[in-house]
Every structure is written in C-alpha cells, then in structure tokens.
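Enquirer: Here is a sequence with its predicted model. Questions after.
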Amino acid sequence: MATEGPEQLAADEVKSMSISDKVKPPSVAAESQPSSSSATPSVPMSLKKKFDILRSIAEECIQDDELEQLLANKAEPICYDGFEPSGRMHIAQGVLKAINVNKMTSCGCRVKIWIADWFAQLNNKMGGDLKKIETVGKYFIEIWRSVGMNLDDGKVEFLWSSKEINERAHEYWPRVMDIARKNKLPRIVRCSQIMGRTDQDELTAAQILYPCMQCADIFFLQADICQLGMDQRKVNMLAREYCDDIKKKNKPIILSHHMLPGLQQGQEKMSKSDLSSSIFMEDEEAEVNTKIKKAYCPPKEVEGNPCLEYIQYLIFPWFHEFTVERSEKNGGNTTFTKFGDLSAAYAKGEVHPGDLKPSLAKALNRILEPVRSHFKNDKAAKQLLQSVKNYRVTR
C-alpha cells in the first residue's frame, strides 16, 4: 500500500469545493434543481419534519427511535457517506446522492463525504493507480457541484481518506486493529458485498483489511448517521456490533437508501463496468433517449421495472411531479403528483411504456443538462472527464 496521499495542492483544491466563499456551484435553472437544495427556511423546522425528511432517504433505518432521539438532542448531527473513485458516475450515484445530501443539510445535518482513495486502491479500482483514482475523485466532486448538490452553506465536507488517515494515524490504526481483533474472519468476509464482491470470491488480503477500515471510518469521522446504500449494510451493522464490544452507548444510526437497478432485466444495480446497465451523468441527450428507449419496461408490470424505479426515486423527489406526454388520441398529457397514482395507472394499462419512456428521458435530461453544460464549458472539468473516459475500469 502506498503511504502517500494525493498531493497537497490537489487536496486543497478539493477541500475548497465545500467552502462557500471560495467556490460557488454553477448556475442551475430553478426547474432543474432538487427542491431540497433551497436555502434553509427562516422558520425552524420541527423535529417531526426533520425525522420525516431523513427517514424518506432510507429503505431501511436502524433504528427509528434512535434517530428521533438524536434529532431531539443534537442540532447538527454528523452524517457520513463515502465512495470509491472508480470510473464514470451514473445517475444512481450522481442524482440520488445529490437528492439525499440536500435532504440531510436541509435538516441541519453536517455531511462528511469520504473520498475513499486508499480503499479504491485496496479494491484494485483503476488498477490500483492512486493518481488515476485521485483524478476520478475530483471528477466526482465536479459532477455533484454541477448537478445541484448544495455546497453553499459549508455543511458538506469532502475528505480524502489517505490525507486524513496519514494526519491522524495514531487515532485511526489502533481502531482498525481493535476491530480486527474483536471479529472472526468469517464475519469480515461476510462484509465483502461492500466492495462489490461476494463471500464466495477469492479475496486478497487487502480486501480482508478493507471492511475493518471502513468500520473504523465511522468512528474516525465521529458519524452519528451512516447514510449509504443497502449494499453497505453489513459493515454498518458491524460498526453497531463493535459498539457492544466496546460498551459504547450511542451507536451509529443506519439510513440505507434503495439501490437503483440497471437498465436491463435482472440487473440489480447500475454498474460502471457494464455499460448496458447505466446512464452516466454526462451522457448526451440522444444517448439518454436511446438508453431509456431500450430499457426493460414491461407493460402493466410495476415490480422489477427499472423505468418506474427511476421515476420513483429520482424524478418525483426532484420535481415532485411527473408528466406523461402523449397525443390527444392516446389520452393527452397527464401529470401525476404521487408515484402511487402513476404506478396504479401503469398497472392498469392506462399508461403505456411507449409514452412513459420518452417522458422519463425528457425529465432525466432536464436534470442532467447543467452537468453536460459544465463539462463542455469548464476547461478543467472537460479535461477531468476526458481523462476518466480514457481509463480502463477494473474490478
């Protein structure tokens, strides 16, 4: 493992992205921003409202009563999320994370986003090349800035794992060692899902170390809430179990968001390494249209329908409505303000895939247009994207 993090200049550049008086997110049309990215209202938000917003992020919360107690006792809870810089960003990561982060900051939370460069190296992403991993990390941040993640109020902080761990190694590594000592190997192997692996894969020694480190991250960052996908659940539960081992009363609360499926039938999630499964954040309008047109979307079937899931988890939280555009002959335009009404109409055959798909593509393109514009018009962002496109995605 390399012992050096990204060059200091690069880390400073990234750090500045979370400071409102240095970097402003690109101008984004009001209709294209998630409504939760608006400024915090002057009227204090009720505890119930905060709970409802945060709970709406999660497919599963462990535990609801602990979340209520946290909000009652702490004005600015610390939320943690992290990512491996591992290739181009798809909408399941780009749009959904912007929505969720904006919801968290609207409730007063502080969000620490862990740029897991060392973890990407441990997991052989970008062939383990830290320079490439660093470039991809910068590209990710540019995506979130341009799509409308609220970075103006200083509540979102991007932290490079290599830099932070090196600076506070005396705190970090004893925790990793203690977690490793207190757990049997089979328990750690069961966490392999967090790396996109299975417990049947032949894991490297580095991939055994990885879950112990990710578990330690939660305590290192002093996180009150772990807000990651359902695929990270096992290591978050490991952190709660570790709290029992060390007699720590306040356990991290787990808010696990839904994993959006890939475009084709049977694809459980979008994947950077499977181009047929994903819509990428800088895809051209025509590419988005073509991918949605080819997506799996069986008539009258709601369960396992990726197009409906994109509408439920991306379009409705962003616009709070969805308009199915169609000719007068086919019933004319219909605007739905509740996903339940849309899914019921679809199940009855009142909405046809031939009308749903182009309407979905249009809504997605409204969200993605500021991203495309940023990567075309900003010289540094354009160079980042070109570099990332040239890298070979590795597992």
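Expert: In hand now; what should we look at?
Enquirer: Report back the residue of this protein that's furthest from centre.
Expert: Distance from the C-alpha centroid of the chain peaks at residue 329, with 40.3 Å (Cα atoms, centre = their mean).
Enquirer: how about low-confidence regions in the stretch 151-300 of the chain?
Expert: Where the stretch 151-300 of the chain drops to pLDDT under 70, the residues are 193-200.
Enquirer: what about the helices in it?
Expert: 161-167, 169-181, 185-189, 205-220, 233-245, 285-294 (DSSP state H, counting those that start in this stretch).
Enquirer: most packed of the ones you listed?
Expert: helix 205-220 (a mean of 21; mean count of other Cβ atoms under 10 Å). From N, CA and C alone the C-beta is placed, and that goes for glycine too.
Enquirer: between that one and helix 169-181, how many degrees?
Expert: 120 degrees (axes from the mean of the first three to the mean of the last three Cα atoms, to 10 degrees).
Enquirer: Touching helix 205-220 from outside, list them.
Expert: Contacts of helix 205-220 with the rest of the structure, by Cβ atoms under 8 Å, 6 or more residues apart in numbering, involve 1, 80, 82, 114, 116, 118-119, 122-123, 161, 164-165, 168, 171-172, 175-176, 179-180, 183, 185, 188-189, 191-192, 194-195, 197, 223, 226, 235-236, 238-239, 242, 252.
Enquirer: Spatially central, which residue of the protein would that be?
Expert: By Cα atoms, centre = their mean, the chain has its centre lying nearest to residue 97, at 3.6 Å.
Enquirer: Counting by contacts, list what the helix or strand hosting residue 96 packs against.
Expert: Using DSSP states H and E, residue 96 maps to helix 91-106. The helices and strands touching helix 91-106, judged by 3 or more Cβ pairs under 8 Å, 6 or more residues apart in numbering; DSSP states H and E, are helix 47-57, strand 78-83, strand 110-115, helix 130-147, strand 225-229, helix 316-319, helix 353-377.
Enquirer: hmm, try it at 7 Å
Expert: Judged by 3 or more Cβ pairs under 7 Å, 6 or more residues apart in numbering; DSSP states H and E, helix 91-106 is in contact with helix 47-57, strand 110-115, helix 130-147.
Enquirer: With only the CA atoms kept, save that helix in CSV.
Expert: Provided in CSV are the C-alpha atoms of helix 91-106 (Å, rounded to 0.1, in the frame of the first residue of the first chain):
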residue,chain,number,x,y,z
ILE,A,91,-27.3,8.6,-12.2
ALA,A,92,-27.9,6.1,-9.4
GLN,A,93,-24.8,7.7,-7.7
GLY,A,94,-24.9,11.2,-9.0
VAL,A,95,-28.5,12.3,-8.9
LEU,A,96,-29.6,10.2,-5.9
LYS,A,97,-26.7,11.3,-3.8
ALA,A,98,-27.4,15.0,-4.5
ILE,A,99,-31.0,14.5,-3.5
ASN,A,100,-30.1,12.7,-0.3
VAL,A,101,-27.3,15.1,0.7
ASN,A,102,-29.6,18.1,0.1
LYS,A,103,-32.2,16.5,2.3
MET,A,104,-29.7,16.0,5.1
THR,A,105,-28.3,19.5,5.0
SER,A,106,-31.9,20.9,4.9
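Enquirer: Just want the angle from that helix to helix 47-57.
Expert: Note on geometry: by the same axes, to 10 degrees, helix 91-106 and helix 47-57 are set 170 degrees apart in direction.
Enquirer: mean confidence for helix 91-106?
Expert: Average pLDDT, helix 91-106: 96.
Enquirer: wait, which of the helices of the stretch 151-300 of the chain is closest to residue 132?
Expert: Among those, helix 161-167 comes nearest to residue 132, with 13.8 Å by Cβ to Cβ.
Enquirer: Reformat the helices and strands packed on helix 91-106 into CSV and put mean neighbour count, distance to residue 301 and mean pLDDT next to each item.
Expert: Putting those into CSV (neighbours: other Cβ atoms under 10 Å; distance: least, Cβ to Cβ, whole Å; pLDDT from 0 to 100) gives the following:
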stretch, mean neighbour count, distance to residue 301, mean pLDDT
helix 47-57, 16, 25, 97
strand 110-115, 24, 36, 97
helix 130-147, 23, 30, 96
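Enquirer: so can I have TSV of these showing distance to residue 299?
Expert: TSV is the format used below for the helices and strands packed on helix 91-106 (distance: least, Cβ to Cβ, whole Å):
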stretch	distance to residue 299
helix 47-57	29
strand 110-115	40
helix 130-147	32
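Enquirer: Show me the one of the ones you listed that comes nearest residue 348.
Expert: Of all the helices and strands packed on helix 91-106, it is helix 47-57 that lies closest to residue 348, at 26.6 Å by Cβ to Cβ.
Enquirer: Would you mark the buried spots in the helix or strand just after that closest one?
Expert: Under the assignment DSSP H and E, the closest C-terminal helix or strand after helix 47-57 is strand 60-62. Neighbour counts over strand 60-62 (16 or more other Cβ atoms under 10 Å) mark 61, 62 as buried.
Enquirer: helices or strands next to strand 60-62 in the packing?
Expert: So strand 60-62, by 3+ Cβ pairs under 7 Å, 6+ apart, packs with strand 253-257.
Enquirer: Just the CA coordinates for the strand it packs on, please, in CSV.
Expert: Output of strand 253-257 as CSV, limited to C-alpha atoms (Å, rounded to 0.1, in the frame of the first residue of the first chain):
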residue,chain,number,x,y,z
ILE,A,253,-27.8,5.1,13.1
ILE,A,254,-28.0,3.5,9.7
LEU,A,255,-30.0,5.1,6.9
SER,A,256,-29.7,2.7,3.9
HIS,A,257,-31.0,4.0,0.6
